[in-house]
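Trainee: missing the sequence, but the structure's below:
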């Protein structure tokens, strides 16, 4: 995982002896006129209405248009119809090594805003400001857009004078050079202010669902957004290159929506629109998204495809944008063809390598050949992707009012019920998983086991777990005694990291389909996960398996929306503390703006605490306000808010001692949480 560069590390220095000092400052605009090596910012953006240098939009939606520049075809320019702000993605393609110059005429100074990156602010009124969210990056890419390697570009100098500013960057041979620059119009000072004065809610970390890295400020969006597409912010096994991920795009969208609701800052609406249309820009002609995460063949990963569908459904539901709606229609039609037929109905595949046995030969995992339950030999029966895709298909039907895929959705849900109800060979699985559950314990707890149990634990991980795929092929089953839920049926792999993902998807399925028959399974599986030691194990494996804590908190959030049980809220508060201890950030849904869980019209803004150390879980929806305030720190923290809360909100401690705001609960104890409940005032 790459950390964003520190602001001081990337600030350009004064020009060195490779360029005459002051040369750029004397004539910054003239330097930038050389289109082969330089770019003049004012000429690049033209007027708010565009310029003759721009192509017709290559992509257009409500309030958004993306152009290419005729003079600089590798430059993308994103414009927004309700603002003069615009974002340019500059790319100098790989070629011979040379110096690049970015110039702007007029008096400018360089500042480091709280939002990250650098601001070029004018010394005089009437001039536009410019925001560079990340330093220039050198990338080596293949023809499919994989980022094979990357590193910060070297600054060769900075020329500043009253007449202009010019930044010099070195581009070595064979590397593409990327830089993102936003123009912030002088007539819209709120956009500039949004970068300089973030609230506590804006400064905290948010857990990204695909890369498992965190977003902590607006500049962090551009660790993912690369030349008009959204990538994972880490190197992906087994090729260890960076690939595009619509699931990270969805996490960013939910985060930005939450911050938009909480702050009212237009900046977040511009950023989330850019994310939406960047996902649409990458959609293929057949309606799918392709990634090439595992092979050189650009296979499609359907969980990431479903992430795009969730993002588009959320945006269409809130805005009615028809460009996004049509993209969602194409995506649903694509997903509808990526199924296998089981005896009980339709099952969604995990990725395009499952399309045939020939394609599966390129799979990076070993598997046990099986035709259990009537499935095809190439279907590995991966549960979480099947659940997520059917949820995405149901969301498409909900927001588009289209019953075209209704029969498929019903068939897939029937298969879900059938597979989850499988309970063969209880006599075998029950003792088997009692032994396997010993391997879930954190190290310290495992070391205190009696000698016979420690011996059984060793037998379990060394012999029983390797035999599990074969046993499942003989006695097909995913839900195990006690509450553990297997991710798939036939892969020669075993990973407890998918337990919280399965719980998250099961809780979401319960919500979307109103499937109350899942309630006993949910109660058992969540209780098992909390009690068996897994959360402690994930936490102690910091940097390895602790990202499971993010999905555990996400799963509990969805469960809390469906159940009033205070026990689940206590577990969620514990999960928030664990996430903060491991510096992973909170899942975006905890802001209360995941449209799948809460319709946009039913969402409430998440309040921002005064103290950066407090964390707020927003369970509010419709006519109910419910907040959990968690203190992960080692000392009691005062309970204060950046803006007034709704009148009549009542707080209680975990011991359920009720108090009104401003009375007994004026602080949140160390490593504890409190709960606020109430009803919002009627809307006029």
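Mentor: Everything's here; your move. The shown structure was predicted, so the numbers you read here are calculated from the model rather than taken from an experiment.
Trainee: how deep is residue 240 tucked in, by neighbour count?
Mentor: Look at residue 240: counted by other CB atoms under 10 Å, it has 10 neighbours. In this view, the C-beta of every residue, glycine as well, is placed from N, C-alpha and C.
Trainee: For residue 150, see how far away it is.
Mentor: For residue 240, the distance to residue 150 (CB to CB, to the nearest Å) stands at 12 Å.
Trainee: What of residue 551?
Mentor: For residue 551, the distance to residue 150 equals 27 Å [CB to CB].
Trainee: Settle this for me: residue 137 is touching residue 151, isn't it.
Mentor: Yes - counting by CB atoms under 8 Å, residue 137 touches residue 151, with 7.2 Å between them.
Trainee: For those two, indicate the residue with more neighbours.
Mentor: Each of residue 137 and residue 151 has its neighbours counted (other CB under 10 Å); residue 137 has more, 20 against 12.
Trainee: Grab the nearest non-local neighbour of residue 436.
Mentor: What sits nearest to residue 436 in space, not counting adjacent residues and going by CB to CB, 6 or more residues apart in numbering, is residue 460, at 5.0 Å.
Trainee: Which one's more surrounded, residue 551 and residue 150?
Mentor: Neighbours of residue 551 and residue 150, each counted by other CB under 10 Å, are more numerous for residue 551; the result is 25 against 19.
Trainee: so which strand or helix has the more buried one?
Mentor: Using DSSP states H and E, residue 551 maps to helix 548-562.
Trainee: mean confidence for that helix?
Mentor: Mean per-residue pLDDT for helix 548-562: 98.
Trainee: immediately after that helix, which helix or strand?
Mentor: Heading C-terminal from helix 548-562 (DSSP H and E), you reach helix 566-581.
Trainee: what comes into contact with that next one?
Mentor: 207, 526, 530, 535, 538-539, 549-550, 552-553, 556-557, 559-560, 585-586, 590, 615, 617, 619, 628, 630, 632, 654, 656, 671-673, 675 (CB atoms under 8 Å, 6 or more residues apart in numbering).
Trainee: Tell me which of the residues you listed fall in helices.
Mentor: Counting by DSSP state H, the members of the contacts of helix 566-581 that fall within helices are 526, 530, 535, 538-539, 549-550, 552-553, 556-557, 559-560.
Trainee: which among those gets closest to residue 220?
Mentor: Closest to residue 220 out of the ones in helices among the contacts of helix 566-581 is residue 550 (15.9 Å), distances taken as CB to CB.
Trainee: What separation do you get for that closest one and residue 179?
Mentor: 31 Å.
Trainee: just residue 315 next, same as before
Mentor: For residue 315, the distance to residue 179 - CB to CB - is 27 Å.
Trainee: again, but for residue 473
Mentor: Taking CB to CB, one finds residue 473 at 52 Å from residue 179.
Trainee: If you count surrounding residues, which of the two has more?
Mentor: Using other CB under 10 Å, the more surrounded residue of residue 473 and residue 179 is residue 179, with 24 against 16.
Trainee: Which of the three states applies to the more buried one?
Mentor: Following DSSP: H, G, I helix; E, B strand; the rest coil, residue 179 is assigned to strand.
Trainee: Make sure it is actually in contact with residue 102.
Mentor: Yes - assessed by CB under 8 Å, residue 179 is found in contact with residue 102 at 7.1 Å.
Trainee: so what's in contact with those two at the same time?
Mentor: Joint contacts of residue 179 and residue 102 (CB under 8 Å, 6+ apart) are 90, 169.
Trainee: can you give me the helices for the stretch 101-250 of the chain?
Mentor: 189-196, 200-203, 246-263 (DSSP state H, counting those that start in this stretch).
Trainee: how about those, which one is nearest residue 369?
Mentor: Taking CB to CB, helix 246-263 is the member of these nearest to residue 369, at 29.8 Å.
Trainee: Give the other helices and strands that the closest one contacts.
Mentor: Applying 3 or more CB pairs under 8 Å, 6 or more residues apart in numbering; DSSP states H and E, one finds that helix 246-263 contacts helix 200-203, strand 206-207, strand 214-215, strand 229-230, helix 266-281, helix 302-319.
Trainee: at 6 Å instead, please
Mentor: Using 3 or more CB pairs under 6 Å, 6 or more residues apart in numbering; DSSP states H and E as the contact test, the elements touching helix 246-263 are helix 266-281, helix 302-319.
Trainee: By mean pLDDT, which helix or strand of the chain comes out lowest?
Mentor: helix 7-10 (a mean of 34; mean pLDDT, DSSP states H and E).
Trainee: Could you pull up the contacting residues of the residue nearest in space to the middle of the chain?
Mentor: The centre of the chain sits closest to residue 251, judged by CA atoms, centre = their mean, with a distance of 2.7 Å. For residue 251, the contact set (CB atoms under 6 Å, 6 or more residues apart in numbering) comprises 208-209, 588.
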